[in-house]
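# Just need the structure, nothing else, for what follows:
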Amino acid sequence: MDYLTEAREIFKNDIYATETNGIVIEAADINYARCSVEIDRRHRNASNVVMGGALFTLADFTFAVASNMGNPLTVSVTSQITYLNPAFGNKMTAEAECLKSGKSSCTFTIRITDENGKLIAVVTTTGYRTNKTIEKK
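Numbers count the residues shown, from 1 in each chain. Got it, this is the predicted structure:
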């Protein structure tokens, strides 16, 4: 199955992540995703540093893609983000990997790096697997 094409189709209607923030799905598989965003003015705070909300949005969207591919509809229950370094360059990439995938819950680690490969933030998210399937619109 081509999970990348499926993910792009499913999440194209996530307007806040894809259109407002410019996040692109680069890779998708069962319990895995890689997404990126080109950094511009809308992602920076008054100090001209990428704001925490932009980092969290990238991580949350990447979790959504990873946790929903080949699984029941999964929603986040809790997330913890640790900001490690400021982002430099013009691109950030988030990679979500599953630590635990159970019948009703899952836990993922999402690592955000800048274009130089520097680790910017680490997010741990726990999700709830519903008994529904994600709908394509």
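# From now on I want contacts and neighbour counts done on CA atoms only, so please keep to that.
Fine.
# secondary structure class for Val37?
Reduced to three states with DSSP: H, G, I helix; E, B strand; the rest coil, the structure at Val37 is strand.
# now the residue nearest to Lys12 when sequence neighbours are not counted, what's its secondary structure?
Of all residues not flanking Lys12 in the chain, Thr18 sits nearest, at 6.8 Å (CA to CA, 6 or more residues apart in numbering). Reduced to three states with three-state DSSP, the structure at Thr18 is helix.
# So Thr18 sits against Val37, correct?
No: using CA atoms under 8 Å, Thr18 is not in contact with Val37, being 9.2 Å away.
# Between those two, which contacts overlap?
Among the neighbours of Thr18, those also in contact with Val37 (CA atoms under 8 Å, 6 or more residues apart in numbering) are Val24.
# So for those two, which sits in the more crowded spot?
In this view Thr18 and Val37 are compared by other CA atoms under 10 Å, and Val37 has more residues nearby, 22 against 18.
# Could you give the bridge partners of that one?
Bridge pairing for Val37 (DSSP bridges) gives the partners Met92.
# quick one: it from Phe63, how far?
According to CA to CA, to the nearest Å, Val37 stands 15 Å off from Phe63.
# cool, and Thr130?
In this structure, Thr130 and Phe63 are separated by 15 Å, where distance is defined by CA to CA.
# what do you get for Thr126?
As defined by CA to CA, Thr126 lies at a distance of 9 Å from Phe63.
# Kindly report the same for Tyr3.
Taking CA to CA as the measure, Tyr3 and Phe63 are separated by 14 Å.
# So between the two, which is more surrounded?
Under the criterion of other CA under 10 Å, the comparison of Tyr3 against Phe63 puts Phe63 first, with 33 against 18.
# which residues does the spatially closest residue to that one that is not a sequence neighbour bridge with?
Spatial nearest neighbour of Phe63, chain neighbours left out: Ala96 (5.9 Å); criterion: CA to CA, 6+ apart. On the basis of DSSP bridges, Ala96 takes part in beta bridges with Ala33, Ile110.
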